[in-house]
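Asks: coords below, sequence missing:
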């Protein structure tokens, strides 16, 4: 047996998506990082060992413009390119390749941390090192660093260090949460084991193993849907152990879940109720995918109210968008629904104060162990949101190590630097503007070859339109307003003359993309036949924002919808029943699924400034009160956006963020297929040029781009008075779109 001791700037324990994002983020911010994982693969519950699909802000499409960017976004886009079929083994290697591409990360797989050296009084402790056993190499390895990130899920490192933590369900009085129980208890969300099936093409018997449960006697087929077309995470509801200790009783929970899995398969194969003769088991998980255990106490505990009321935090480091999703403690044996969901009106913010321990000075948390109540944990626990917290924790850890301070002190003294570090790497932050003074683009005058000015999808003669009936649902049209909207016209078909009710609604804030506050209401007389509803509002908000035009349901009205996408930032919406009510508008009350990438025939008066070139310099880098990007007019050749300075500047690097349509819901496994391996809105071929002595000189030429963020460090610094990005082609969109151009002097 070898005993090794290694020194790093940051030690990340736990290699799920939260830990992966934390390690990559810390490494990209200059830290030497140890990523320690107790399994042979990375990805945690998303890996081929457990096979849970990755969900997050998009809420399977219920949220709008909500897909994560930053490190999680890189993984989504890379998997879409390499693995659109959702093969879990290939997903493992998408994650592994991301980590191995970072020279500052040293990866330790199959390494189980079991000892933590920490000291200090209970209210002010500090971790010095963690020690883990690497099974295959028979090495005992000690990791020492000034900062640690616990992304173990179960919170093992923090627990061994004496970090204050929570578990179970807090009572209602603890945080004033309406969805908390009256009396606190130890119940949690349970664990799950999944299985895959395949058609063998010939009859296959199934002889149940001895562990098999009688699921019919347990009533499971009565309370849960079973179908031969279901596979893998379709069976998310095979859940148990919420009334046990997920760690102490892990072996018992695994055996029970195995019994349920084989019992369900026995029911499918041998009950005679299913056409399953040629189906066979392809894979059954060997370890429970855990949902909940310890949650550490930070300087802020995220609560139900923070999520549903969309608390705005000055230390905002990321967003979530999944519903508050809680499951019955009895799991698969409960006669209650497998899950209950509470939706707010849109996204919610997560503060940095929820990512560091209140009493262990050098401990950050990432993933499902962050500082949140049990109720709020119901949304923060999903893996893409865990990765968002990981990216922020990693950046915070790297900066804390660089300056020799605690995460709490870092926040107090360098909050802007932390947020700008995250914004620079395109992290999932909504509503925090880019103002880093190092960016030379902020002082430039911006112009472009063209810009989209007309907010419309006019009727064509191609005839490629559908009629969407409003007989039993309201129609909505999300629109950017910059600087005003005087009138909106919608092409309709009326089976008979009617009076259309048309309303203009505010979304209230940039976190929302559904109607929240009524602005005005009109009644428009509509004759029978094909026509146009034109509603005048003359609405001029003090700042740019988004609104939703609503046409109320009418038994004789239909809206004309084309088969091409509308201008970016515009969405057609259809109302639906939201489920559990919260007393406020809910994002799931309006569906964009039916009309995504389909343009209702509409026109807005007057022209818009929402796609002006100046938006590539500073400001926001994702939809928030508008699209926040430059869009050309429909491409008629090469399009460009230009930065010009009155005095020459020395440029060492150029960083670009392109539009990858964060409204498109991507997923790593088999939940659904997205028809693009590269997002159509992404710029595919482009040049970066500098104007020197009045002549444009190429600095960078890229073909076949499929990434949102591109960093170009120049071989030699360039002195210039102007820089431009020339778009030669997109991946399919009919307009060139650039979210941000950032320009930096050479690093000293």
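Replies: Done, it's in. Owing to the predicted nature of the structure, the values given are computational and were not obtained by experimental measurement.
Asks: Show me the domain layout of the protein.
Replies: Domain assignment for the chain, taken from automatic domain parsing, gives 2-170+294-424, 191-284, 440-451+611-744, 456-605.
Asks: Save these as JSON lines, and put in distance to residue 434 and mean pLDDT too.
Replies: For glycine as for every other residue, the C-beta is placed from the backbone atoms N, C-alpha and C. Formatted as JSON lines, the domains of the chain follow (distance: least, CB to CB, whole Å; pLDDT from 0 to 100):
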{"stretch": "domain 2-170+294-424", "distance to residue 434": "5", "mean pLDDT": "97"}
{"stretch": "domain 191-284", "distance to residue 434": "36", "mean pLDDT": "97"}
{"stretch": "domain 440-451+611-744", "distance to residue 434": "5", "mean pLDDT": "97"}
{"stretch": "domain 456-605", "distance to residue 434": "15", "mean pLDDT": "94"}
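Asks: Just say which of the ones you listed is most tucked in.
Replies: Among these, domain 2-170+294-424 has the highest mean neighbour count (mean count of other CB atoms under 10 Å), at a mean of 23.
Asks: Okay, now it: how far is its last residue from its first?
Replies: One end of domain 2-170+294-424 sits 41 Å from the other (CA to CA, to the nearest Å).
Asks: what about the strand ranked longest in the chain, distance to the chain center?
Replies: Counting residues, the longest strand found in the chain (DSSP state E) is strand 709-730. In this view, strand 709-730 has its centroid 29 Å away from the chain centroid, taken as CA atoms, centre = their mean, to the nearest Å.
Asks: and it, what does it pack onto?
Replies: Packed against strand 709-730 by the contact rule (3 or more CB pairs under 8 Å, 6 or more residues apart in numbering; DSSP states H and E) you find strand 639-658, strand 683-692, strand 695-702, strand 737-744.
Asks: Pairing partners for that strand, with directions?
Replies: Sheet partners assigned to strand 709-730 using DSSP bridges are listed as strand 639-658 (antiparallel), strand 683-692 (antiparallel).
Asks: got those as TSV, with distance to residue 406 columns?
Replies: As requested, the strands paired with strand 709-730 are exported to TSV (distance: least, CB to CB, whole Å):
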stretch	distance to residue 406
strand 639-658	30
strand 683-692	40
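Asks: nearest to residue 255, of those?
Replies: Ranking the strands paired with strand 709-730 by proximity to residue 255 (CB to CB) places strand 639-658 first, at 48.7 Å.
Asks: between the closest one and strand 695-702, how many degrees?
Replies: 40 degrees (axes from the mean of the first three to the mean of the last three CA atoms, to 10 degrees).
Asks: that older thread, any chance of the helices and strands packed on strand 709-730 in TSV, plus distance to residue 113?
Replies: As requested, the helices and strands packed on strand 709-730 are arranged in TSV below (distance: least, CB to CB, whole Å):
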stretch	distance to residue 113
strand 639-658	36
strand 683-692	43
strand 695-702	42
strand 737-744	38
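Asks: Tell me which of these sits nearest to residue 437.
Replies: Closest of the helices and strands packed on strand 709-730 to residue 437 is strand 737-744, at 11.0 Å (criterion: CB to CB).
Asks: What angle do strand 709-730 and the closest one make with each other?
Replies: Using the same axes, to 10 degrees: strand 737-744 against strand 709-730 is 140 degrees.
Asks: Paired strands for strand 737-744, with orientation please.
Replies: strand 630-631 (antiparallel), strand 639-658 (antiparallel).
Asks: got JSON lines for the ones you listed, with distance to residue 146 too?
Replies: Shown next, in JSON lines, are the strands paired with strand 737-744 (distance: least, CB to CB, whole Å):
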{"stretch": "strand 630-631", "distance to residue 146": "42"}
{"stretch": "strand 639-658", "distance to residue 146": "29"}
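Asks: Tell me which of these lies nearest to residue 375.
Replies: The minimum distance between residue 375 and those falls on strand 639-658, with 34.7 Å, by CB to CB.
Asks: Residue 28 and residue 395, how far apart?
Replies: Per CB to CB, to the nearest Å, residue 28 is found 8 Å from residue 395.
Asks: what is in contact with those two at once?
Replies: Residues touching both residue 28 and residue 395 (CB atoms under 8 Å, 6 or more residues apart in numbering) are residue 425.
Asks: My guess is residue 354 contacts residue 297. True?
Replies: No: applying CB atoms under 8 Å, one finds residue 354 not in contact with residue 297, separated by 9.6 Å.
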